[in-house]
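just a sequence and a predicted model for now, questions to come.
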Amino acid sequence: MEAETLVRMANQIAHFFAPYPETDAIEGVRDHLVHFWDPAMRKELLAIASGLTPASTPIDALVLRAVRQLRQGVDE
């Protein structure tokens, strides 16, 4: 899947959870990525967030915080 598409989809999830309290929003984004995205999509999003895969669309701050938790293995 293209990087721009993944970022757009992740940002849409973040926009849904944006009105929630910050901790709940981050958890909501992370949980959605874990439960509804396949591992390959999550792996690519991690690469994009790390700068290993270029994307011209900025990643929402909630997505970046959720990705940080994914990297730490909070979801596993």
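Received, thanks.

pull the contacting residues for the nearest residue to residue 30 once chain neighbours are set aside.
Distances taken as CB to CB, 6 or more residues apart in numbering place residue 66 nearest to residue 30, at 4.0 Å, with adjacent residues excluded. No exception for glycine: its C-beta is placed from N, CA and C like everyone else's. With contacts defined as CB atoms under 8 Å, 6 or more residues apart in numbering, residue 66 is in contact with 14, 26-27, 29-30, 33.

hmm, 7 Å instead?
26, 29-30, 33 (CB atoms under 7 Å, 6 or more residues apart in numbering).

find the centremost residue of this protein, please.
Centroid-nearest residue in the chain, with CA atoms, centre = their mean: residue 63, separated by 3.9 Å.

the residue in the chain sticking out farthest from the centre and residue 38, how far apart?
Centroid-distance maximum for the chain: residue 21 at 17.2 Å, with CA atoms, centre = their mean. Distance of residue 21 to residue 38, given as CB to CB, to the nearest Å: 29 Å.

still on that earlier bit, so the residue nearest to the centre of the chain touches residue 29, yeah?
Yes. Between residue 63 and residue 29 there is a contact under CB atoms under 7 Å: 6.0 Å.

what do these two both touch?
Common neighbours of residue 63 and residue 29 (CB under 7 Å, 6+ apart) are residue 14.

can I get stretch 47-63 in CSV, CA atoms only?
Extracted C-alpha coordinates of stretch 47-63, given in CSV (Å, rounded to 0.1, in the frame of the first residue of the first chain):
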residue,chain,number,x,y,z
ALA,A,47,8.8,2.8,8.6
ILE,A,48,7.1,6.0,7.5
ALA,A,49,7.0,7.4,11.0
SER,A,50,10.7,6.6,11.4
GLY,A,51,11.5,8.3,8.1
LEU,A,52,12.7,5.1,6.4
THR,A,53,9.9,5.4,3.9
PRO,A,54,9.2,8.9,2.6
ALA,A,55,5.7,10.4,2.7
SER,A,56,4.8,14.0,1.8
THR,A,57,1.7,14.0,4.0
PRO,A,58,2.5,14.9,7.6
ILE,A,59,1.6,12.3,10.2
ASP,A,60,-0.8,13.5,12.9
ALA,A,61,0.7,13.8,16.4
LEU,A,62,-1.7,11.3,17.8
VAL,A,63,-0.6,8.8,15.2
